[in-house]
Structure formats: C-alpha cells, structure tokens
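**Q** Pasting the sequence and the predicted model now:
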Amino acid sequence: MTATAQTLRPPSRTLMFLEGRAIHEFGAFLGALPLLSLAPRGDGHPVLVLPGLVASDESTRALRTFLAAKGYAVSGWRQGRNYGLREGVQHAMVDLVAELNDKHGRKISLVGWSLGGLYARQLAKMMPDRVRQVITLGSPFAGHPRSTNAWRVYEWASGRKSDEVDPQFGGELALPPPVPTTAIFSRTDGVCAWQGCMEKAGAQTESIEVESSHCGMGHHPAVVYAVADRLAQKEGQWRPFDRSGWRSVAYPDPHR
C-alpha cells in the first residue's frame, strides 16, 4: 500500500450527513427511466451484482431489474446481508461464479457496490477464465481500510480487523484484475474517500466519475447508465468510456 493510500482520511461529517440524498437519487432514477431506456441493450451474458456492507440483494433490486430488462441474465449474490468475509462467504461466491458461468456457457460480468466491489475484484483475480469484466461502485480498493466511515461497522459485522488481508482471496487488493475493469466513484461520497475508489487508467482499466452519494450509487441514473454502457460492449472489444458530447455534462473528467 502506498504512502498516499495510508494517509487518506475518511469523508467529512458534512458529506456523511449528505448521504441522506440517496432517497432523492432513487426518485431521480424512477424519473429518469424513460431516458435510461435509451441505454444500449445487452447480449444476454450473465451478470452478478454484489451488495455493499450490511446490505442484501434487496439493495441492488433496482439495478438488477433494470439490467434484466436490458437482456442480461442477472443474479444477486444469494447470501442474505453482507456481513463481510465470514466463514463460507468466499467459497459461496466462488461457487456462484462457477455456477453462472457453467449454466450460461459464457463469461460473467461482476458488478459490485462498495464492499461488493472489493469481492468482485478479488473473484476476477482468482477466476479470470470465468470473468468477462468488473465494474465497481464506490469501492475503496486503493485506500487504507480506515479511509472510510464504515470500518468500525465492518469490524463489528464481520468479526475481523478491517486491515486483515486473506492471501487466499485474490492477493493485493489495489492491483487490478486481469480483465477489463471500471471503477465508478464520486467526490461527494460520504462513506469512502473518493481517491481510494479510483482505478489507474490503463489498457483495460478506467475510472468514471459521477456526482452521487455512496448509499445512492446503486440506483443513481448516471451510474446505472454507465454500468449499462460498459456491459453492452462486445466481449474482447473493450474500450474506455466515451465522455464526448452530452456525456461530458453528466460525467466530469475523473483526472481533472
């Protein structure tokens, strides 16, 4: 972990307080559905959506329903609430990725919100032959675990130290998976330091910035559109997100 990652501070109390806007962002999602219907359709490949800390598949229902309507074979993680890497959680996720890959006969895309995004990255490192791409939503893979306002909750829920690393689960967290990877982040995230949620630009890695809360990221219209855009790319023909035209208004330059 770099010195910069170790010195990142959690978001301010003001930003944490503003997480309440997630409710309004859901209303914006419902209002934007006619426009979101213009997002590209998918090719039917399987997509696994992983929830954040202490959240369940219910939290990702809006996103999964939208993606299913776009033609994807979408699955939740099927483990109830996400209390961290408790006993059996890792093996259940590995088994589910294998199950979906075998059932559909196609590589699977992984979409993970917050802690779910950390799982997605590590699963892709362990099973690159089964994973098509990874998309993370506000996932703090590049920062110290205590650069979030949720590390105490993680320790309480999981019974593990927040900086405890399982070498059997994909290796170093900050290293990108060997598959196309998109990190969606917000500078107004009230839970995770945004700098720790960014991926370095590379041949198959990118970051997309949105203006969103952390708790509303899974249903924020700009996030939902970006996820649909990324998933719609043909396998083996990944390209960075195109911010030209109207998109430059909704998606700021992440490297400004």
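**A** Thanks, I have the structure now.
**Q** where do the strands sit along the stretch 151-256 of the chain?
**A** With DSSP state E, counting those that start in this stretch, the ranges of strands along the stretch 151-256 of the chain come out as 181-186, 205-210.
**Q** mind showing which ranges of the protein have poor pLDDT?
**A** 1-6 (pLDDT under 70).
**Q** so of the strands of the stretch 151-256 of the chain, which one's packed in deepest?
**A** Of all the strands of the stretch 151-256 of the chain, strand 181-186 has the most neighbours on average by mean count of other Cβ atoms under 10 Å, namely a mean of 26. Using the backbone N, CA and C atoms, a C-beta is placed for each residue, glycine as well.
**Q** among the strands of the stretch 151-256 of the chain, which is nearest Ile108?
**A** strand 181-186 (14.1 Å; Cβ to Cβ).
**Q** from what I can see Gly218 touches Ser59, true?
**A** Yes: counting by Cβ atoms under 8 Å, Gly218 touches Ser59, with 6.3 Å between them.
**Q** between the two, what contacts are shared?
**A** Residues touching both Gly218 and Ser59 (Cβ atoms under 8 Å, 6 or more residues apart in numbering): Gly52, Trp113.
**Q** OK, contacts around the residue lying closest to Ser59 once chain neighbours are set aside?
**A** Closest residue to Ser59 apart from its sequence neighbours, by Cβ to Cβ, 6 or more residues apart in numbering: Pro51 at 5.0 Å. Contact analysis of Pro51 by Cβ under 8 Å, 6+ apart lists Asp57, Ser59, Thr60, Gly76, Trp77, Asn82, Trp113, Leu115, Gly116.
**Q** and those, which of them are in strands?
**A** Trp113 (DSSP state E).
**Q** Export the contacts of Pro51 to CSV and append columns for distance to Ala201 and neighbour count.
**A** Formatted as CSV, these follow (distance: Cβ to Cβ, whole Å; neighbours: other Cβ atoms under 10 Å):
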residue, distance to Ala201, neighbour count
Asp57, 32, 18
Ser59, 29, 22
Thr60, 27, 25
Gly76, 31, 17
Trp77, 29, 21
Asn82, 29, 26
Trp113, 22, 29
Leu115, 24, 27
Gly116, 23, 27
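**Q** Going by distance to Pro254, which of the contacts of Pro51 wins?
**A** Taking Cβ to Cβ as the measure, Pro254 sits nearest to Trp113 out of those, at 18.4 Å.
**Q** how far away is the closest one from Asp129?
**A** 25 Å (Cβ to Cβ, to the nearest Å).
**Q** Check the burial of Leu137 by counting its neighbours.
**A** 33 (other Cβ atoms under 10 Å).
**Q** Quick one: the helices in this structure, in order.
**A** For the chain, the helices defined by DSSP state H occupy 3-7, 13-17, 22-36, 61-69, 89-104, 115-126, 151-158, 221-231, 247-250.
**Q** beta partners of the closest residue to Val227 other than its chain neighbours?
**A** Sequence neighbours aside, Ile135 is the residue nearest to Val227 in space, at 5.7 Å (criterion: Cβ to Cβ, 6+ apart). Judged by DSSP bridges, the bridge partners of Ile135 are Val111, Thr182.
**Q** tell me, how many neighbours does Ile135 end up with?
**A** By other Cβ under 10 Å, neighbour count at Ile135 equals 25.
**Q** Spit out the contact partners of it.
**A** Neighbour list for Ile135: Ser109, Leu110, Val111, Gly112, Gly117, Ala120, Thr181, Thr182, Ile184, Val227, Arg230, Leu231 [criterion: Cβ under 8 Å, 6+ apart].
**Q** and of these, the nearest to Gly202?
**A** Thr181 (8.7 Å).
**Q** Hmm, Ile208 and that closest one touching each other?
**A** No: with contact defined as Cβ under 8 Å, Thr181 does not count as touching Ile208 (11.3 Å).
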